[in-house]
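Chemist: Predicted model, plus sequence, below.
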Amino acid sequence: MDLATLNNLLTDMAKQAAQTDRSRKEGWAPLFDEQLFYCRSSLLTPYVAEAKHNLETLETEQRENRLSAARAAHLCERLLNQITALKREQSTGKLRTKYRNTSFRKPSVTAQQLYENLAQHREWERRLENMVREEELRHANCSGWDEQQACQQKILATEARLQRCREAITSIEKQIAKKERYG
C-alpha cells in the first residue's frame, strides 16, 4: 500500500471517527494501549490524528532522504498497527457502545440479607479463631522440625483466611451502614 492510499484511508477514517465521536458519549478510559498510541483519549479522533501525524512524519523523512531502513520499518509497522486497531475499533465500537449501555447491575440486597450475611461471616470468624488456637496448641506440642513447619504453614493459612473473613465483615458492616443511612 502506497503513502497516498494510506493518506486517503486516514482522511476517510478521520471523518468516520468524528461521526462516531459525536454519536457516542465520551468514556472515562482511553481506547487504546499506550504502547500503540501516545495520546490518551476516550474519543477516536485524536487517535486518527496521531496516525495521520505518523504518516506525515514518514512522508517528510522520505522526501528529505532522512529515512533509514530501520526507521522506515518501525514507522510503517507502527502505522499499520494503528490503522488496524482503528479499523477494529470503528467496526466493533457499536457493539461495545450497545454493551456498555446495557444495564448489568447486581440485584439490590436488602438490609435483612446483609444482616444474615454478617451473622454467617461472624460464625466463620469464630470458627477460624478456634482453628488458629487449635493449630497453635498443636504447634507447641510438635516434636520434630518438619512437623513444626507443617503446623506453622497451617497456622499462617488459617490466619490469612481469618483476615479475609474480617475484611469481608468490615465490608458488610459498611454496606449495612450505607443501607441504613440512605435506604
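Modeler: Right, received. Where do you want to start?
Chemist: Relative to residue 137, how far out is residue 129?
Modeler: Residue 129 sits 13 Å away from residue 137, going by CB to CB, to the nearest Å. In this view, the C-beta of every residue, glycine as well, is placed from N, C-alpha and C.
Chemist: Compare neighbour counts for the two and give me the winner.
Modeler: Taking other CB atoms under 10 Å, residue 129 and residue 137 do not tie; residue 129 has more neighbours (15 against 11).
Chemist: can you tell me the helix or strand for that one?
Modeler: helix 111-141 (DSSP states H and E).
Chemist: From the centroid of this protein, which residue is nearest?
Modeler: In the chain, the C-alpha nearest the mean C-alpha coordinate belongs to residue 29, at 9.5 Å (CA atoms, centre = their mean).
Chemist: which residue packs closest to that one, ignoring adjacent ones?
Modeler: Counting by CB to CB, 6 or more residues apart in numbering, the nearest residue to residue 29 once its immediate chain neighbours are dropped is residue 42, at 6.1 Å.
Chemist: quick check: mean pLDDT across the top helix by length along the chain?
Modeler: For the chain, the helix with the greatest residue count under DSSP state H is helix 145-182. The average pLDDT within helix 145-182 is 91.
Chemist: Centre of the chain to the helix or strand bottoming out on mean pLDDT in the chain, how far?
Modeler: Least confident helix or strand, the chain: helix 69-101 with a mean of 80, by mean pLDDT, DSSP states H and E. Its chain's C-alpha centre and that of helix 69-101 lie 19 Å apart, by CA atoms, centre = their mean, to the nearest Å.
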